[in-house]
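Colleague: okay, predicted coordinates and the sequence, questions at the end:
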Amino acid sequence: MKRTALPDGAVREALAGLNGWTLAEDGRSIARDFAFGSFSEAFAFMTRAALLAEKMDHHPDWSNSYRRVSVRLTTHVAQGLTELDFSFARELDRLA
């Protein structure tokens, strides 16, 4: 998958296909907060997501607080959003 930043129109179109993700003000990242029933469910999600990140060679910026996981995606080498970010977001939604 190419790691070339998408133009604004393509970013808006890809974001419209996602549920619960928001675009950062600078347009260079997308973010979503996931809520789970317990800390162990949140940690299990992070474990599955970490394995996926290794497989896709694309790693999120994220944090965990009790049963919440906050995720921000961007492609640093492209200095913006790529198809890889949106593909990863769709996979995270599926895992959640």
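Modeller: Everything's here; your move. Numbers count the residues shown, from 1 in each chain.

Colleague: which residues of this protein fall in helices?
Modeller: Counting by DSSP state H, the chain has helices at residues 8-16, 39-56, 83-95.

Colleague: winner for burial among those?
Modeller: Most buried of these, by mean neighbour count (mean count of other C-beta atoms under 10 Å): helix 83-95, with a mean of 18. For the C-beta atoms, the positions are set from N, CA and C on the backbone; glycine is no exception.

Colleague: quick revisit: mind putting the helices of the chain in TSV, distance to Asp26 and mean pLDDT included?
Modeller: Shown next, in TSV, are those (distance: least, C-beta to C-beta, whole Å; pLDDT from 0 to 100):
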stretch	distance to Asp26	mean pLDDT
helix 8-16	11	96
helix 39-56	23	98
helix 83-95	14	97
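
Colleague: and Val71, bridged to which residues?
Modeller: Counting by DSSP bridges, Val71 forms beta bridges with Arg32, Trp62.

Colleague: so it sits against Pro60, correct?
Modeller: Yes. Using C-beta atoms under 8 Å, Val71 is in contact with Pro60, at 5.0 Å.

Colleague: hang on, the earlier thing: and the helices of the chain as a markdown table, adding distance to Asp33?
Modeller: What follows is those, written out as a markdown table (distance: least, C-beta to C-beta, whole Å):
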| stretch | distance to Asp33 |
| --- | --- |
| helix 8-16 | 16 |
| helix 39-56 | 11 |
| helix 83-95 | 12 |
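
Colleague: can you tell which of the ones you listed is closest to Thr22?
Modeller: Closest to Thr22 of these, according to C-beta to C-beta: helix 8-16, at 8.1 Å.

Colleague: just the angle between that closest one and helix 83-95, please?
Modeller: Per axes from the mean of the first three to the mean of the last three C-alpha atoms, to 10 degrees, the angle that helix 8-16 makes with helix 83-95 is 10 degrees.

Colleague: nice, that's everything, thank you.
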